[in-house]
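Student: Please find the sequence and the predicted model below.
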Amino acid sequence: MTCGLTDGFVSAFVGGFISAMYYMDYSEDSLTLKVLVAAVWVLDTIQVSFMIHALYYYLPLTAI
């Protein structure tokens, strides 16, 4: 199984899309839950960014 930059971008896009759908479909949820969803989305985006950076930085070094 391989994982590349494309997988990271797709993962970030899907996560953002699902979060946007949550805010449209469940607009009556409490503010606490909405903030929790936003925090999880931000943390997931940061994690995906770190993984994309690690793949971009380390894969060319190990391919030599």
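Tutor: Sure thing, it's come through. Note that the structure is a prediction, hence the values are computed from the model and not measured. Residues are numbered from 1 along each chain as shown.

Student: For the top helix by length along the chain, buried residues please.
Tutor: Longest helix in the chain, counting residues (DSSP state H): helix 31-63. By 16 or more other CB atoms under 10 Å, the buried positions in helix 31-63 come out as 37, 41, 48, 51, 52. Quick note: C-beta positions are derived from backbone N, CA and C, even for glycine.

Student: Check what pLDDT the last one gets.
Tutor: To tie it back to what came earlier, the one meant is residue 52. Reading off the confidence values, residue 52 has pLDDT 81.

Student: Next, work out how far apart it and residue 59 are.
Tutor: According to CB to CB, to the nearest Å, residue 52 and residue 59 sit 11 Å apart.

Student: How about residue 43?
Tutor: Distance from residue 43 to residue 59, by CB to CB: 24 Å.

Student: Residue 28 too?
Tutor: Distance from residue 28 to residue 59, by CB to CB: 45 Å.

Student: follow-up on the earlier one: relative to the whole chain's centre, how far out is the longest helix of the chain?
Tutor: Counting by CA atoms, centre = their mean, to the nearest Å, helix 31-63 is centred 5 Å from the centre of its parent chain.
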